[in-house]
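Engineer: Need coordinates for the below:
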Amino acid sequence: MSFFSFGQSAEIDVVLNDAETRKKVEHKTEDGKKDKYFLFYDGETVSGKVNVTLKNPGKRLEHHGIKIEFVGQIELYYDRGNHHEFVSLVKDLARPGEITQSQTFDFEFTHVEKPYESYTGQNVKLRYFLRATVIRRLNDISKEMDIVVHTLSTYPELNSSIKMEVGIEDCLHIEFEYNKSKYHLKDVIVGKIYFLLVRIKIKHMEIDIIKRETTGTGPSVYHENDTIAKYEIMDGAPVRGESIPIRLFLAGYDLTPTMRDINKKFSVRYYLNLVLIDEEERRYFKQQEITLWRKGDVVRKSSPPPKARGHGFSEVRGGGCFRRVPGEQAGPRGEGENHPASSTPCRHLDWGGNDTWLVAVVAGPRKKPLLCPTLTHEQDTKKLDLLCLRRGLTLNPVGEFYLGTTRKKIRSGRSVSSPGAKPGGRALAPRA
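Structural biologist: Below is the predicted model:
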């Protein structure tokens, strides 16, 4: 919001340096509508320009300083007078003085911490914004520009399913199962409902996605339940032994990641609500909490590397095996430039899914490459044994292993590719 007094002599505008290339996303406002805002992630630098334009070029503007702030705050609608700031950065752009002509001031907030995702709900709003201010004796001149922050998450491949038996004694006994307990925002919920005992006349069954927003603490806690989606999975009476499949696509719904105890002010949780309705319009339901998380939209693309001549590797035809970082050098644990037992330069090698990374010492154009595992745990060494067995590699007693033959391909048509791995990564079991 801008605060302008009558007869304001200047206007302020905030422009980002990468405004032409930065992605914009839709975000819900307080009135329920959606506007587009610039998208940022945690740790990104926020930089741009503040333009101060004089309405009357012939007049001067006296001020007590010009500053810009980067603010992250939580607004509780029932307590609008108090804004809870969890990020507050300030940069002075000009000292007290006067402006005789329109001026532009550069600013940069480097690697800004943005710990939470932007959110607008029923009773709470979490927002990030830039605020430029010309400080004056009576009324300041200010301009705010909101941005949207998305938090990206990763979860391990092991994602346990949800399986539960529920019912009413001697009347109804069902078993439901969902394939996972954690879903990203564009995921698909797959499951099934199995009827073990049916002695009531059920005419309808649906599954709902419920968002529960909790604000406040202690005695002043407010809960708001909002049904995001209703999905009918059965119409008609089931019989004993019948199995009903579930397949619910999340991409079409307005969902946010699960947010737990954000700055000790609010939480947002999601539930799958299984609802059965009998012929007398009685409702039977069972809720199960699920975790939603945001998956990165952009997948890093690797440029096709040149043929690795003289190093015993075949021409690259796809990912999925080892990947080399051209031009980088590192020791067997990502430190130093050479292998301790040789002056030969080392190169990072990375398992295709960024799950395993190794270091190869190229001993010469006609010698076998030496691969040194970057392992620190005994369990990872066991996984490496399995990796060697699957790829036809030989592991020697000191934990180093060699390619079976000088020009042997690792799988048919697959070999070295790019980009690189992070130094210091752990070796995990390869994907099947």
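
Engineer: Report how many residues lie close to residue 229.
Structural biologist: Using other Cβ atoms under 10 Å, residue 229 has 17 neighbouring residues. All C-beta spots, glycine's among them, are computed from the backbone N, C-alpha and C.

Engineer: To which secondary structure element type does the residue nearest to residue 214 when sequence neighbours are not counted belong?
Structural biologist: Counting by Cβ to Cβ, 6 or more residues apart in numbering, residue 214 lies nearest to residue 267, which is 4.6 Å off, once chain neighbours are set aside. Following DSSP: H, G, I helix; E, B strand; the rest coil, we place residue 267 in the strand state.

Engineer: May I have the residues that are in contact with residue 267?
Structural biologist: 213, 214, 259, 260, 261 (Cβ atoms under 8 Å, 6 or more residues apart in numbering).

Engineer: what's the closest of these to residue 91?
Structural biologist: Nearest to residue 91 out of the contacts of residue 267 is residue 259 (Cβ to Cβ; 29.3 Å).

Engineer: who's in contact with that closest one?
Structural biologist: Contacts of residue 259 (Cβ under 8 Å, 6+ apart): 116, 117, 119, 266, 267, 268, 269.

Engineer: ok, the fourth one - how many residues close by?
Structural biologist: It stands for residue 266. Neighbours of residue 266 (other Cβ under 10 Å): 24.

Engineer: unless I'm mixing things up, residue 114 is touching residue 87, no?
Structural biologist: Yes. Here residue 114 reaches residue 87: they are 7.0 Å apart, a contact under Cβ atoms under 8 Å.

Engineer: ok, which stretches of the stretch 151-300 of the chain are strands?
Structural biologist: Secondary structure of the stretch 151-300 of the chain (DSSP state E, counting those that start in this stretch): strands located at 162-168, 172-178, 182-184, 188-198, 202-215, 222-235, 243-249, 259-262, 266-278, 283-293.

Engineer: Mind putting those into TSV with mean pLDDT?
Structural biologist: Below are those laid out as TSV (pLDDT from 0 to 100):
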stretch	mean pLDDT
strand 162-168	85
strand 172-178	89
strand 182-184	93
strand 188-198	91
strand 202-215	92
strand 222-235	91
strand 243-249	91
strand 259-262	94
strand 266-278	93
strand 283-293	91
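
Engineer: Tell me which of those strands sits nearest to residue 93.
Structural biologist: Nearest of the strands of the stretch 151-300 of the chain (Cβ to Cβ): strand 259-262, 31.3 Å.

Engineer: Have a look at residue 114 and residue 87 and say which one is more surrounded.
Structural biologist: Taking other Cβ under 10 Å, residue 114 and residue 87 do not tie; residue 114 has more neighbours (21 against 17).

Engineer: Is that one part of a helix or strand, or is it coil?
Structural biologist: Applying three-state DSSP: residue 114 is coil.

Engineer: That one: what's it in contact with?
Structural biologist: With the criterion set at Cβ under 8 Å, 6+ apart, residue 114 makes contact with 40, 41, 42, 43, 44, 72, 87, 128, 149, 151.

Engineer: Return the closest of those residues with respect to residue 230.
Structural biologist: residue 151 (27.9 Å).

Engineer: So what's the residue count around the nearest residue to that closest one once chain neighbours are set aside?
Structural biologist: Closest residue to residue 151 apart from its sequence neighbours, by Cβ to Cβ, 6+ apart: residue 117 at 4.5 Å. Number of residues near residue 117 (other Cβ under 10 Å) recorded here: 20.

Engineer: What of residue 89?
Structural biologist: When neighbours are counted by other Cβ under 10 Å, residue 89 comes out with 15.

Engineer: ok, now residue 81?
Structural biologist: Applying other Cβ under 10 Å, we find 5 residues neighbouring residue 81.

Engineer: do the same with residue 43
Structural biologist: 10.

Engineer: So it lies in a strand, does it not?
Structural biologist: No. Under three-state DSSP, residue 43 falls outside any strand and is assigned coil.

Engineer: Now do the phi/psi pair for it.
Structural biologist: When read as degrees, to the nearest 10, the backbone of residue 43 gives phi 90, psi -10.

Engineer: Tell me where the stretch 1-150 of the chain has strands.
Structural biologist: So, for the stretch 1-150 of the chain - with DSSP E, counting those that start in this stretch - the strands run 10-16, 24-28, 34-41, 46-54, 61-63, 66-76, 83-94, 97-99, 103-109, 119-120, 124-134, 141-150.
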